[in-house]
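Colleague: Just the structure for this:
(chains A and B)
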Protein chains: 2
Amino acid sequence: MSGREFFTARTLAEVLSGFRPVHRTPAEDVPLSAALHRVPVADIPAPAALPGFARSTVDGFAVRAADTYGASDGLPSYLDLLGAVRMGAEPTVAVRPGGCVAMPTGGVLPAGADAVVMVEYTAETMPGTIEVTRPVAPGGGIVRADDDIAAGAPLVPGGRPLRAPDLGFLAAAGVTSVAVHARPRVAIISTGDEVVPPETVNLAPGQVRDATASALAGLVVDAGGEPIIAGIVPDEPGALKERLAAVVAESDLVVVSAGSSVGARDETAGAVAAIGQIWCHGIAIKPGKPTLLAECSGIPIIGLPGNPLSALVVFGQVGVPLLWRVAGCEYAPPQPSTRARLSRDLPSAAGRLDVVQVRVRDGVAEPLFGPSALLSVLTRADGYLIIPEPATGLDAGTDVEVVLYR
Amino acid sequence: MSGREFFTARTLAEVLSGFRPVHRTPAEDVPLSAALHRVPVADIPAPAALPGFARSTVDGFAVRAADTYGASDGLPSYLDLLGAVRMGAEPTVAVRPGGCVAMPTGGVLPAGADAVVMVEYTAETMPGTIEVTRPVAPGGGIVRADDDIAAGAPLVPGGRPLRAPDLGFLAAAGVTSVAVHARPRVAIISTGDEVVPPETVNLAPGQVRDATASALAGLVVDAGGEPIIAGIVPDEPGALKERLAAVVAESDLVVVSAGSSVGARDETAGAVAAIGQIWCHGIAIKPGKPTLLAECSGIPIIGLPGNPLSALVVFGQVGVPLLWRVAGCEYAPPQPSTRARLSRDLPSAAGRLDVVQVRVRDGVAEPLFGPSALLSVLTRADGYLIIPEPATGLDAGTDVEVVLYR
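Modeller: Just a heads-up that it's a prediction; the model follows:
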């Protein structure tokens, strides 16, 4: 790097543990149908026990377990069939010693019964008499009224994005609205005199369409945020500062895809310093070293490197964890990944974290190279692998974890 | 299983390769901002080459490479500084032999130049003269006009859900609207006299709120579909058939969470057979054996087991791949997963695929058991592991892949 820049390169781990802007999005109530992957602001307690009544888990006959002790094919127990439980209805008959009641799976256990014997181990040899050929223990073939959850116990934890199965548990408990963190609004500012909107049909010489904003918007959505495309700012003194001041007031996280030249980077640093406090300028990561982190009234601001590949790599490593934190996530959502065998040696410098784009075919991860200015590398890649700071490289044949683009 | 049921149990692999309803969702145009994870109906070609002009990838000086041959710290090349290229603008000066032009990263290469030497290997020792201390090869420090992509070549492939980086590449090419498959509409029908809507505040004895529909809706969204909650059908002859006939006309995939009792399952099979062709009834999977697959005019119909855990397992293994196929996916989207060490022996029966819910802590996968009627197992689980058909179990300590709930 040139001496014209001021760098205090931090490791990624230092960044993630040390840079902790306090802002969190406020709570809002959403219906269950819109709650997938939203983050509850606190544990959600069960309003009542579930299933709420002792319930059969099999088709069969409700019995007093003691009446089946010692039953076998050679010496069955014979029980009087006293009636049947209907699904979704209260039993109209109790089980007395020597009696049984026909049960559907999911039916309410009648009074007097403490188990359900499976239909497979019974036969109605005479009308009104059930032959039981296998004993059942008390509690067998049933779940008790609070086996799923006791009243007041947490159905789902706060701080963990809601998963599809969680929605089922909440529905079962009658919780149809949940208090969750608002989706973080992530303002994406692009800079550069050469950058024009994607809608531009005919490019003038030297112009490029803004690729980074659209790709970042996709990463923001994947991480649970709401992207706000905040436009393209020309390389003019004051222009970026003005735009930053405007968007920071209406955002939960601000991302600037900085100009790629040294001058443009200096411009970004100046504008950010004017409205907030710079926390670091430079991260020991490749690609992505000239990354800037700052905060303004608790709102994180990320100055990304100019070229799209570096910008996306840094946003994935730094921006996504920050976004999760702003959204109240206390548990990182799981990311798609796969194990693969590295196809060739990969050199790296100790002290620097390398993010290497790879293509995965038949369990082999093949690194993709080329100038990081090229976007095609990112669409040809299936994901990336990480060479951690202490390593000086990875040998061909190493078993690596590839984080997959989803 | 009881002899009352008709089962032709197929393996999961047989189901996925053999059950191939032909329906696919139609194409629709969506703006780039709504295209994340949507499936292009065909390859999307580049309207023009990218970047579209030869471009500097570094800050430095555009040169004729031959003018730098042999340059070193001891014997620099001295070049006349002829001018500077401005970002986003056409060069106003060409490079002649013995000359150079100042370049920002991303600037247009001026006529006459075939390389850019990095600023780090230069010094302006006298005003107007640039000293070059390292040679550069032709093509060094630049990308050519079609290095990213040639005109007409595919920017992204058809049949693969669009990822965040793809959106950037499309934006760079000026493609702001893409033809994608419509999101599959997945009708979710619940059945059972005991089942009431989640909104029900006070349950009558024996009633349970519908957990499965909400959880399935979440899985549908995760898989790229649009869930349609098609209500709860009582266990009455004809009621399910009527509802099925109504929803199949407006859906791309139909899911019935069948009643859990034997009678209710027979009822489902009868209703499905009345409107379509049953392909199989019974899959060699645990939990989830009493699964029914059918089609009606090319629309897949899945009859899921009655209890929520089994229903979600089967939908994940069978429904999600079917949903992807209906959506035109030719590449399965990657799923989150992790490697872990199994905490205990897990028995299984050969010939049956077992899906075991696990909790993962510190790299150890701990299987969760309990009646599959319990929903809490699903919210306590971090994911599941699979014991394939040929295996008779897994030993404690085995390195297993856990598919994570996201």
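Colleague: rest of the way, CA atoms for contacts and neighbours
Modeller: Noted.
Colleague: At the contact with chain B, which residues of the stretch 201-350 of chain A appear?
Modeller: Remark: the part of the stretch 201-350 of chain A in contact with chain B comprises A:201, A:204-219, A:260-262, A:312, A:333-338, using Cα under 8 Å from any Cα of the partner chain.
Colleague: ok, and the closest non-adjacent residue to the closest residue to chain B within the stretch 301-406 of chain A?
Modeller: Nearest residue of the stretch 301-406 of chain A to chain B: residue A:336, at 3.4 Å (Cα to the nearest Cα). In this structure, residue A:336 finds its nearest non-sequential neighbour in residue B:336, 3.4 Å apart by Cα to Cα, 6 or more residues apart in numbering or on different chains.
Colleague: ok, residue A:401 - contacts?
Modeller: Listed by Cα atoms under 8 Å, 6 or more residues apart in numbering or on different chains, the contact set of residue A:401 reads A:337, A:338, A:339, A:340, A:385.
Colleague: Any chance of the backbone angles for residue A:12?
Modeller: As for residue A:12, its main-chain torsions (degrees, to the nearest 10) stand at phi -60, psi -40.
Colleague: ok, so what distance separates residue A:268 from residue A:189?
Modeller: Per Cα to Cα, to the nearest Å, residue A:268 is found 11 Å from residue A:189.
Colleague: likewise residue A:278?
Modeller: With Cα to Cα as the criterion, residue A:278 and residue A:189 are 17 Å apart.
Colleague: cool, and residue A:88?
Modeller: From residue A:88 to residue A:189 the distance is 57 Å (Cα to Cα).
Colleague: contacting residues for the residue nearest to residue A:336?
Modeller: So residue B:336 contacts A:334, A:335, A:336, A:337, B:403, B:404, B:405, B:406 (Cα under 8 Å, 6+ apart).
Colleague: got the residue ranges for the strands in the stretch 51-200 of chain A?
Modeller: A:55-56, A:60-63, A:77-84, A:99-103, A:115-118, A:122-126, A:129-132, A:142-143, A:154-156, A:177-181, A:185-191, A:195-196 (DSSP state E, counting those that start in this stretch).
Colleague: Show me which residues of the helix or strand of chain A with the lowest mean pLDDT are buried.
Modeller: Counting by mean pLDDT, DSSP states H and E, the weakest-scoring helix or strand in chain A turns out to be helix A:262-275, with a mean of 83. Residues A:262, A:264-275 are the ones in helix A:262-275 that count as buried (16 or more other Cα atoms under 10 Å in any protein chain shown).
Colleague: now swap in stretch A:82-93 and tell me
Modeller: Quick answer for stretch A:82-93 (16+ other Cα under 10 Å): A:82, A:83, A:84, A:85, A:86, A:87, A:88, A:90, A:91.
Colleague: thought the second one was touching residue A:103?
Modeller: No. Contact criterion Cα atoms under 8 Å: residue A:83 and residue A:103 do not qualify, at 9.2 Å.
Colleague: so of the residues of the stretch 201-350 of chain A next to chain B, which ones are in strands?
Modeller: In this view, these that belong to strands under DSSP state E are A:208, A:209, A:337, A:338.
Colleague: Can stretch A:39-50 be said to contact chain B?
Modeller: No. Stretch A:39-50 does not reach chain B (Cα under 8 Å from any Cα); its nearest approach is 9.0 Å.
Colleague: That stretch: end-to-end distance?
Modeller: 23 Å.
Colleague: now do stretch A:195-205
Modeller: Taking Cα to Cα, the first and last residues of stretch A:195-205 lie 11 Å apart.
Colleague: Just the residues contacting it, thanks.
Modeller: Residues outside stretch A:195-205 that contact it (Cα under 8 Å, 6+ apart) are A:207-211, A:232, B:53, B:88-90, B:108, B:171-176.
Colleague: Buried subset of those residues, written for ChimeraX?
Modeller: Buried residues among the contacts of stretch A:195-205 (16+ other Cα under 10 Å), as a ChimeraX selection:
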select /A:207,208,209,210,211,232 /B:53,88,90,108,171,172,173,174,175,176
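Colleague: Mind checking which of the contacts of stretch A:195-205 are in helices?
Modeller: B:171, B:172 (DSSP state H).
Colleague: how about low-confidence regions in chain A?
Modeller: For chain A, the stretches with pLDDT under 70 are A:1-8, A:259-264, A:372-373.
Colleague: From the chain's centroid, how far away is stretch A:75-86?
Modeller: 50 Å (Cα atoms, centre = their mean, to the nearest Å).
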